[in-house]
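Engineer: Model the structure of this input:
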Amino acid sequence: MKYAAQVLKNEKEIIINTWIDQIKEDVSATRNTSRIVLRDHVPQLLDDIIRVMDRFDKFDVVEEEMIYREIFESSVEHGRHRATSEGYSLGQILREYILFDKVITVSLIDNKAFSKEAGMVIKYSIENAMLYSAIAFTDSLQEMRHKLIAMVAHDMRNPISAALFAVKAMKYEDGPERFDKIKEMAITSLGRSVDLIEGLLDSVTIQAGEGMIFNFSQQNIVDYLQAVYQEAKQSYSNPFILECDEKEISGVFDGTMVRRVLENFINNAVKYGRRNGPISLSCKNNGDVVEFSVHNEGNPIPAEKQEAIFEFLDTSEGLGPLGLKSRGIGLYLVKAVAEAHSGELRLKSSEEEGTTFSISLHKSSREPGKFRGAVKK
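Structural biologist: You can find the predicted model right below:
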């Protein structure tokens with residue numbers, strides 16, 4: 001099989017490019033994906049197969065343990081990568097491997113290097129690679145679902161707490177005007193909880209490379225900022241300052257998701273900012289872009305952690321002055337919302353100036369309607 005291994009070495013780039021051409025025709029998820037992204041760990045997997053062939057000039061018994069050791073890592077990484085690529089299903093991953101098997105086999109046949117032994121190595125290698133990739137793919141999706149569920153459950157605490165506070169404060173003897181105002185606060189907060197539950201139901205049905213559903217419509221986004229500000233004043237002991245001269249900033253937004261972003265900014269400001277220190281909410285209207293910011297005083301975020309703080313699978317945990325833990329899930333949501341609105345995130349944090357999280361949103365990057373944002377690690 002050394003000759004077969006040498007042929008595969010010589011034909012490696014031809015094999016990879018031929019395989020990409022074929023999956024672009026046959027696998028729908030690849031149609032709008034660059035060739036560089038599609039290559040992923042496939043060249044390494046081909047190298048793994050070549051190493052197996054190179055070691056065994058005569059393959060009397062297929063040693064699956066040796067094949068396992070060679071191809072395990074590349075196969076697992078390929079499955080994980082496809083789980084974060086938009087539109088992939090398990091069937092499409094398996095189809096990729098079937099075509100990979102075909103391209104390798106045809107290359108060996110064309111170069112008169114195919115043999116029974118070589119065929120056995122290819123068969124067992126591809127079959128095991130399919131298994132390991134499938135397991136990694138499904139495990140990654142399950143992990144994403146758990147993250148999304150935890151994220152929504154985390155975000156539900158604020159509106160439920162605000163509704164509970166409002167219900168406890170409802171006293172008819174305080175007068176009908178105050179009673180109606182507090183009742184409206186409770187209804188609004190419970191409505192927010194229902195919206196989050198609906199988002200949770202959407203999240204648990206995500207498929208490969210797909211994520212939360214965004215519901216875009218024409219609306220005044222300042223209304224959501226005002227609602228978050230009023231709710232924060234009721235929920236926390238910190239003094240809150242609203243810095244926004246605009247009464248109306250209209251555009252096509254998912255207001256519910258933008259509100260969740262602001263709530264997460266505030267949650268982090270309370271957890272990690274100076275105890276009972278002031279927290280500022282601000283807005284800037286810049287043409288086709290609106291920017292929201294939340295600022296707090298207190299210990300800054302270390303410079304080495306600032307770039308990774310919005311990553312979905314960031315496992316860093318920390319304790320703020322109130323003893324509250326953060327798992328980084330909420331800040332992943334912020335990243336997803338920014339991308340869905342074709343916007344950007346900014347973080348400034350220093351000892352002198354405190355910490356400011358900002359998100360910019362384009363007013364017209366989406367048409368009204370539903371949009372499913374990709375989940376990316």
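
Engineer: check contacts around the residue nearest to Y172 when sequence neighbours are not counted.
Structural biologist: Spatial nearest neighbour of Y172, excluding adjacent residues (CB to CB, 6 or more residues apart in numbering): F179 at 5.3 Å. Heads up, the C-betas are built off the backbone N, CA and C, glycines and all. Residues near F179 by CB atoms under 8 Å, 6 or more residues apart in numbering: M170, K171, Y172.

Engineer: tell me which of the residues you listed is nearest to I241?
Structural biologist: Closest to I241 out of the contacts of F179 is M170 (27.7 Å), distances taken as CB to CB.

Engineer: Please tell me how far that closest one sits from M156.
Structural biologist: 21 Å (CB to CB, to the nearest Å).

Engineer: So these two - more neighbours on which side?
Structural biologist: Neighbour totals were compared for M170 and M156, and M156 leads with 18 against 15 (other CB atoms under 10 Å).

Engineer: And the pLDDT for the more buried one?
Structural biologist: With respect to pLDDT, M156 has a value of 74.

Engineer: in which helix or strand would I find it?
Structural biologist: Element membership for M156 (DSSP states H and E) is helix 116-169.

Engineer: and that helix, what does it pack onto?
Structural biologist: Under the contact criterion of 3 or more CB pairs under 8 Å, 6 or more residues apart in numbering; DSSP states H and E, helix 116-169 touches helix 42-55, helix 64-83, helix 90-110, helix 176-203, helix 222-235, helix 255-272, helix 329-340.

Engineer: hey, which helix or strand in the chain has the poorest pLDDT?
Structural biologist: strand 325-326 (a mean of 36; mean pLDDT, DSSP states H and E).

Engineer: Pull out the buried positions in the strand or helix carrying S282.
Structural biologist: Taking DSSP H and E as the criterion, S282 maps to strand 279-286. By neighbour count on 16 or more other CB atoms under 10 Å, the buried set for strand 279-286 is I279, S280, L281, S282, C283, K284, N285.

Engineer: How many neighbouring residues does E304 have?
Structural biologist: Other residues within reach of E304, judged by other CB under 10 Å, total 7.

Engineer: And V252, by the same measure?
Structural biologist: By other CB under 10 Å, 19 other residues sit near V252.

Engineer: show me where pLDDT drops low in the protein?
Structural biologist: The model of the chain has pLDDT under 70 over residues 56-68, 86, 148, 151-152, 154, 195-196, 198-212, 307-332, 372-377.

Engineer: Can you give the domain ranges for it?
Structural biologist: 2-143, 212-372 (automatic domain parsing).

Engineer: quick one, which of these is nearest to S193?
Structural biologist: domain 212-372 (11.3 Å).

Engineer: got JSON lines for the contacts of F179, with distance to I15 too?
Structural biologist: As requested, the contacts of F179 are exported to JSON lines (distance: CB to CB, whole Å):
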{"residue": "M170", "distance to I15": "71"}
{"residue": "K171", "distance to I15": "76"}
{"residue": "Y172", "distance to I15": "78"}
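
Engineer: Show me which of these is closest to G343.
Structural biologist: Taking CB to CB as the measure, G343 lies nearest M170 of the contacts of F179, at 38.4 Å.

Engineer: from what I can see that closest one touches K181, true?
Structural biologist: No: assessed by CB atoms under 8 Å, M170 is found out of contact with K181, at 9.8 Å.

Engineer: Run the angle between the helix holding M156 and helix 42-55 for me.
Structural biologist: Per axes from the mean of the first three to the mean of the last three CA atoms, to 10 degrees, the angle that helix 116-169 makes with helix 42-55 is 140 degrees.

Engineer: between helix 116-169 and helix 90-110, how many degrees?
Structural biologist: In terms of direction (the same axes, to 10 degrees), helix 116-169 departs from helix 90-110 by 160 degrees.

Engineer: just checking, what packs against the next helix or strand after the strand holding S282?
Structural biologist: Using DSSP H and E, the helix or strand that follows strand 279-286 in sequence is strand 289-296. When contacts are defined as 3+ CB pairs under 8 Å, 6+ apart, strand 289-296 sits against helix 255-272, strand 279-286, strand 354-362.

Engineer: So what touches strand 289-296?
Structural biologist: 221, 225, 249, 251, 258, 261-262, 265-266, 269-270, 272-274, 277-284, 343, 354-363.

Engineer: Any of these buried? List them.
Structural biologist: Taking 16+ other CB under 10 Å as the criterion, what is buried in the contacts of strand 289-296 is 221, 225, 249, 251, 258, 261-262, 265-266, 269-270, 272-273, 279-284, 343, 354-363.

Engineer: re earlier: how far does the strand holding S282 sit from the chain's center?
Structural biologist: The chain centroid and the centroid of strand 279-286 are separated by 26 Å, computed with CA atoms, centre = their mean, to the nearest Å.

Engineer: Report the angle between that strand and strand 289-296.
Structural biologist: Going by the same axes, to 10 degrees, strand 279-286 makes 160 degrees with strand 289-296.

Engineer: strand partners of strand 279-286, parallel vs antiparallel please.
Structural biologist: strand 240-243 (parallel), strand 289-296 (antiparallel) (DSSP bridges).

Engineer: what comes into contact with the shortest one?
Structural biologist: Translated: strand 240-243. Residues outside strand 240-243 that contact it (CB under 8 Å, 6+ apart): L225, Q226, Y229, A232, K233, P278, I279, S280, L281, S282, C283.

Engineer: Find the pair from those with maximum spatial separation.
Structural biologist: With distances taken as CB to CB, the most widely separated pair in these is Q226 and P278, at 18.2 Å.

Engineer: circling back: got CSV for the contacts of strand 240-243, with distance to R51 too?
Structural biologist: Converted to CSV, those look like this (distance: CB to CB, whole Å):
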residue, distance to R51
L225, 58
Q226, 63
Y229, 61
A232, 59
K233, 64
P278, 62
I279, 57
S280, 59
L281, 58
S282, 58
C283, 58
